[in-house]
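> Next come a sequence and a model predicted from it.
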Amino acid sequence: MKKNCIAVSHKSYLLSTLLLFMIVGSIVSYSYGEEEKKTKWGFSIFGGTGDAFYSKADMWVYGFLPRISLPLRKNWKKWDLEFEGNFFYYDIHKMHDFYFLGVSHNIVFKPIQERWGSLFLLIGGGLGYDSAGERLHRGGSEAPLMGDQHFAGFCHGGAGVFFNIGRGMELRVEYRLCHISEPFDTSDRGLNTHNVLFGFAF
């Protein structure tokens, strides 16, 4: 029987993510912005499946990513720096479900920019809290997916498209390959998921 280790409402953790995101945004200097390309706020929702590296499809992940995007440098028109709040919920077949709550930063490269929008490549990573609290095994003697700590790191890479849909607003469609694991547990092989994101920047 599948157990659920989430004892607190997801809404409370989503609220915590948004508050954390606002705190990060308040301490980031707006001096990076410029008149033509100002700081942008945005969010994405996503869904995905895994385990990507091990061809396991008995896991789903859902999440919400609030975001701040800044020009990386004044004269670098194709590069942006992003800060994201991260809320992931993992639904793993025949195992504990758990959530991940964290903050990350991304480097975004936009090699193609047109009037309709732009194509971009992204790489990033971050740290956060996971609710597992015990080693998650699929059975047998294989290495655990997650360790027994509540501290996790993650990294991701991906590509996507920004579509201009109005003055100062963009639709964001993106693919990411994401890895999450606990950095202080050497037996932890981590979770790897294919994710598709839809969101807005404004």
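Thanks, I have it.

> And the residue nearest the centre of the protein?
Centroid-nearest residue in the chain, with C-alpha atoms, centre = their mean: residue 86, separated by 5.1 Å.

> doesn't residue 103 make contact with that one?
Yes. Contact criterion C-beta atoms under 8 Å: residue 86 and residue 103 qualify, at 6.7 Å. No exception for glycine: its C-beta is placed from N, CA and C like everyone else's.

> which neighbours do these two share?
Common contacts of residue 86 and residue 103 (C-beta atoms under 8 Å, 6 or more residues apart in numbering): 126, 128.

> what about residue 188, which SS state?
coil (DSSP: H, G, I helix; E, B strand; the rest coil).

> contacting residues around the closest residue to it other than its chain neighbours?
Nearest residue to residue 188 in three dimensions, chain neighbours excluded: residue 147, at 4.1 Å (C-beta to C-beta, 6 or more residues apart in numbering). When contacts are counted by C-beta under 8 Å, 6+ apart, residue 147 is found next to 132, 135, 181, 182, 184, 185, 187, 188.

> Show me where the chain has its strands.
40-50, 59-71, 79-92, 98-114, 117-130, 151-166, 169-181, 191-201 (DSSP state E).

> Cool, thanks, signing off.
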